[in-house]
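Visitor: Need a 3D model of the following:
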Amino acid sequence: MKPTFNLIDQGWIPCVPRGGGPARELGIHEALVKAHELSEIYDDSPLITVSLHRLLLAMLHRACGPATAEEWGQLWKAGRFPEEKINTYLAKWRDRFDLFSETHPFYQTGGLEMSEASSAARLALELASGINRVLFDHTVDDVPPGLDPAEAARMLLSAQAFSLGFGKSAQASIRGQDITPPYSADGPVLRGMTLWLTGDSLFETLMLNLIPHRAPEDDLPAWELDRPYELRDIAEDGKRRREPARGVLDRYTWQSRLIRLLPEQHDAQIVIRRLYFTQGRSEDRPDESVRPESQGGGCSACALSSPSSMAGCPRPAGDSR
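Guide: Next up, the predicted model:
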């Protein structure tokens with residue numbers, strides 16, 4: 001029996017109820033339709049907490065807008081997200097939220113093959129993997145951690161947003177086609193500060209950061225693309241060719257790495273210890289060498305729902321965003 005874990009129904013998002021008590025892991029559907037009954041999303045990893053908010057904001061933009069300030073006001077007055085619209089959207093794209101789908105695994109590259117698999121620890125910056133050594137963590141590649149599907153899904157989100165660049169990328173093939181990715185680049189929100197407004201409930205928090213926006217037709221979240229890997233970086237004549245961002249939804253669901261989880265099934269338990277992992281898509285910027293050198297550092301502060309590529313967000317020298 002093939003493993004399956006659909007993020008729409010099965011619990012993986014840690015949500016704190018408004019009345020207090022421990023966090024419960026909810027699926028995407030329950031987290032959205034009951035957002036007014038929840039206090040917040042909270043994970044021990046700030047990177048995961050940020051990534052989960054970005055995901056839900058992208059989903060809300062697709063499921064129920066709002067496109068205008070008037071629509072935003074109506075949604076705010078309703079005090080909850082429209083369940084019928086959310087149900088319709090999730091039903092349409094249900095198969096794209098299976099973590100282990102053979103053709104379109106969520107936030108991954110279907111058909112990705114590599115000569116050697118990496119430890120699942122590579123999904124988390126706080127865990128040691130390969131030549132990345134972490135103080136106080138003693139994870140070794142020969143004994144990779146065993147992640148359950150919920151843990152793997154959360155780490156997968158944060159890896160796409162926060163992966164650290166400046167290293168040689170491994171060769172791979174996608175559906176039988178060999179690729180040689182350029183050197184790895186930072187994830188889209190790694191070198192910056194992410195801020196968002198918070199309310200008295202998860203509904204209010206998401207609404208306060210759900211900026212009215214009418215997305216261009218080609219600005220789609222990753223799960224709506226049939227071949228998201230076609231947006232990956234390509235090395236040509238010593239240069240890195242990038243696909244420019246198409247809009248807010250594209251940036252929220254940016255696929256900075258080509259990843260495929262390799263689940264193991266033991267009786268009724270699914271465990272992820274290994275995965276394929278290589279460079280995917282880096283943020284668009286002026287052409288540069290395939291092996292870029294850092295030109296500066298710093299951070300900029302902006303609302304979670306207003307990526308720093310948008311007007312009004314400061315960019316310190318050398319900041320990729």
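
Visitor: which of the residues in stretch 97-112 are buried?
Guide: Judged by neighbour count using 16 or more other C-beta atoms under 10 Å, the buried positions of stretch 97-112 are 97-101, 104-112. Any C-beta I mention is one placed from the backbone N, CA and C, and that applies to glycine too.

Visitor: I'd like to know which of those residues are part of strands.
Guide: Applying DSSP state E to the buried residues of stretch 97-112, the entries found in strands are residue 112.

Visitor: So which of the buried residues of stretch 97-112 is the closest to residue 232?
Guide: Nearest to residue 232, judged by C-beta to C-beta, of those is residue 109 at 8.6 Å.

Visitor: So for residue 156, what's the nearest residue that isn't a sequence neighbour?
Guide: Here the nearest residue to residue 156 in space, its sequence neighbours aside, is residue 107; by C-beta to C-beta, 6 or more residues apart in numbering that works out to 5.1 Å.

Visitor: burial count for the closest residue to residue 189 other than its chain neighbours?
Guide: With C-beta to C-beta, 6+ apart as the measure, residue 161 is the residue that lies nearest to residue 189, at 5.0 Å, once sequence neighbours are left out. Other residues within reach of residue 161 by the criterion other C-beta atoms under 10 Å amount to 23.

Visitor: same question, residue 84
Guide: Using other C-beta under 10 Å: residue 84 sits among 10 other residues.

Visitor: Identify the residue spatially nearest to residue 102, adjacent ones excluded.
Guide: Once flanking residues are discounted, residue 102 sits nearest to residue 110: 6.5 Å by C-beta to C-beta, 6+ apart.

Visitor: just to revisit the earlier point, restrict the host helix or strand of the residue nearest to residue 189 to CA atoms and write it as PDB.
Guide: With secondary structure defined by DSSP states H and E, residue 161 is part of helix 149-162. What follows is helix 149-162 as a C-alpha-only set of coordinates in PDB (Å, rounded to 0.1, in the frame of the first residue of the first chain):
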ATOM      1  CA  PRO A 149       4.700  13.100   8.100                       C
ATOM      2  CA  ALA A 150       3.500  16.100  10.200                       C
ATOM      3  CA  GLU A 151       7.100  17.000  11.200                       C
ATOM      4  CA  ALA A 152       8.400  16.500   7.700                       C
ATOM      5  CA  ALA A 153       5.600  18.700   6.200                       C
ATOM      6  CA  ARG A 154       6.400  21.600   8.600                       C
ATOM      7  CA  MET A 155      10.200  21.300   8.000                       C
ATOM      8  CA  LEU A 156       9.600  21.200   4.300                       C
ATOM      9  CA  LEU A 157       7.800  24.600   4.400                       C
ATOM     10  CA  SER A 158      10.600  26.200   6.300                       C
ATOM     11  CA  ALA A 159      13.300  24.600   4.100                       C
ATOM     12  CA  GLN A 160      11.700  26.200   1.000                       C
ATOM     13  CA  ALA A 161      11.600  29.600   2.700                       C
ATOM     14  CA  PHE A 162      14.800  29.600   4.800                       C
END
